[in-house]
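Q: sequence? don't have it. structure:
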């Protein structure tokens, strides 16, 4: 859960990051269910890279776990 005191102003760029993180989380699961382990690993690395980049842009207000949770609620295509 996102900390109650966290006041995060999301730009369109941040929303796009969240959408990509959300889509990649879905595709990681799809790749794993298809037994495409290598693809799932590569996708997960890309997801983690996006999480880190977004976290640096949000001046480390949120943890990567909090950003991931935010992506599931705010990231839309």
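A: Here it is on my side, so go on. In this text, all values refer to a predicted model and were calculated from it rather than measured experimentally. Residues are numbered from 1 along each chain as shown.
Q: CA only for contacts and neighbour counts going forward, please
A: Fine.
Q: Apart from its neighbours in sequence, what residue is nearest residue 14?
A: Using CA to CA, 6 or more residues apart in numbering and skipping residues adjacent in sequence, the residue nearest residue 14 is residue 54, 6.9 Å away.
Q: I'd like the distance between the one you found and residue 22.
A: Separation of residue 54 from residue 22 (CA to CA, to the nearest Å): 13 Å.
Q: quick one: furthest residue from the center of the chain?
A: In the chain, the residue that sits farthest from the middle, by CA atoms, centre = their mean, is residue 35; the gap is 22.4 Å.
Q: Name the SS class of that one, please.
A: Here residue 35 takes the coil state, with states given by DSSP: H, G, I helix; E, B strand; the rest coil.
Q: Can you tell me the number of residues neighbouring the residue nearest to residue 14?
A: Applying other CA atoms under 10 Å, we find 21 residues neighbouring residue 54.
Q: That one reaches residue 19, doesn't it?
A: No: contact criterion CA atoms under 8 Å: residue 54 and residue 19 do not qualify, at 11.6 Å.
Q: Model confidence score at the nearest residue to residue 71 once chain neighbours are set aside, please.
A: Spatial nearest neighbour of residue 71, excluding adjacent residues (CA to CA, 6+ apart): residue 18 at 4.6 Å. Listed pLDDT for residue 18 reads 88.
Q: and the gap between residue 33 and residue 44?
A: Counting by CA to CA, the separation of residue 33 from residue 44 is 14 Å.
Q: Same drill for the two, tell me which one is more crowded.
A: residue 44 (18 against 11).
Q: contacting residues around the spatially most central residue of the chain?
A: Against the mean C-alpha coordinate of the chain, by CA atoms, centre = their mean, the closest residue is residue 21 at 3.3 Å. Neighbour list for residue 21: 47, 50, 51, 68, 71, 75 [criterion: CA atoms under 8 Å, 6 or more residues apart in numbering].
Q: can we see that at 7 Å?
A: Residue 21 sits next to 47, 50, 71 when contact means CA atoms under 7 Å, 6 or more residues apart in numbering.
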